[in-house]
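Trainee: pasting the structure only:
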Ligand code: MTE
């Protein structure tokens, strides 16, 4: 990201978990690749038990664990790309609570154990395309946000979902300065949030999410620019009106509410036509909706995506 600074407790593991459909392959902790880490990269050691999804995963080569954990945007931990890795230990995820509330029948609070054990976890290999024109392919582990929506049961007047990250200025170095209007916030329309591609991720490469990637829980919306994928979420609220989104609030002419990957809408300061996959030389064409058109283009039928960028 570049801105002006440049710069409940119900069945914890469901039967569904053991259901093997044709498109899912059981992966066990034994199949997790051996990771080559440097001491700078702090991975939480807990292995996750998950199935491998084939319906929504790309078969492109994944970026390495090192690339995914050492080149990040997480302004709470600093504005430099290496800052989130270097300051990763400043984020404490102990006693984490994720509150899900607002216009719902059944508000819930999830703790750390719920996040990794309550829902069947899947590995989804998704492209992450950042507005600054770099991209990565990441083996995220998580569950569909739809699973939470089914539990909390939004009321009919709930039209949007608002997300809020941790606020801890005493410990998070980036929050000691008003670089952004903290806490970091994001939002989705409820139909976008219900799309099967929309994930809440709790891990990558078979392990609990490293702090720099938004531990203990972050959003992944693969057809939108990376900044929509809010990290270290403490609250998800169902609301009636379009919620405030950090970058849209900061620079509305540069970052719209929708933020769909769109090679035909230039960022005011640069083109969005091409992208550089981290680890590659040269650039490749950026795909509409980051290559996920067949799953999501129906969400935007009849909308002018140049105006609703
Ligand atoms: N979430 C929070 N809370 N704070 C941030 O600064 N940066 C966003 C997004 N989520 C950000 C955030 C941006 S700009 C991007 S590109 C992605 O996280 C980067 O995710 P990654 O570091 O795991 O690749």
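Mentor: Okay, I see it. The model shown is predicted, which means the values in this text are computed figures rather than measured ones. Numbering: from 1, shown residues only.

Trainee: what about stretch 209-216, start to end distance?
Mentor: 6 Å (CA to CA, to the nearest Å).

Trainee: so which residues of this protein form helices?
Mentor: 65-70, 83-86, 112-117, 145-152, 190-194, 246-250, 293-296 (DSSP state H).

Trainee: list the contacts of the fifth one.
Mentor: Residues outside helix 190-194 that contact it (CB atoms under 8 Å, 6 or more residues apart in numbering) are 145-146, 149, 154, 158-161, 198, 221, 238, 296, 299. In this view, the C-beta of every residue, glycine as well, is placed from N, C-alpha and C.

Trainee: the second one too?
Mentor: By CB under 8 Å, 6+ apart, the residues outside helix 83-86 that reach it are 40-41, 69-70, 72-74, 77-78, 173-174, 211-213.

Trainee: present the residues you listed as TSV; the columns should include distance to residue 303 and neighbour count.
Mentor: Formatted as TSV, the contacts of helix 83-86 follow (distance: CB to CB, whole Å; neighbours: other CB atoms under 10 Å):
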residue	distance to residue 303	neighbour count
40	43	12
41	41	17
69	36	26
70	37	20
72	31	22
73	27	22
74	31	26
77	35	25
78	36	21
173	39	17
174	34	20
211	37	26
212	34	26
213	31	24
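
Trainee: out of those residues, which touch the ligand?
Mentor: 72, 73, 74, 213 (CB under 6 Å from any ligand atom).

Trainee: confidence score at residue 194?
Mentor: Listed pLDDT for residue 194 reads 98.

Trainee: apologies, that question was intended for residue 9.
Mentor: Looking at residue 9, its pLDDT stands at 37.

Trainee: ok, residue 24 next?
Mentor: 70.

Trainee: tally of neighbours for it?
Mentor: 17 (other CB atoms under 10 Å).

Trainee: from the ligand, how far off is it?
Mentor: 24 Å (CB to the nearest ligand atom, to the nearest Å).

Trainee: cool, and residue 115?
Mentor: According to CB to the nearest ligand atom, residue 115 and the ligand sit 16 Å apart.

Trainee: so that residue sits right up against residue 218, yeah?
Mentor: No. Contact between residue 115 and residue 218 fails when scored by CB atoms under 8 Å: they sit 10.8 Å apart.
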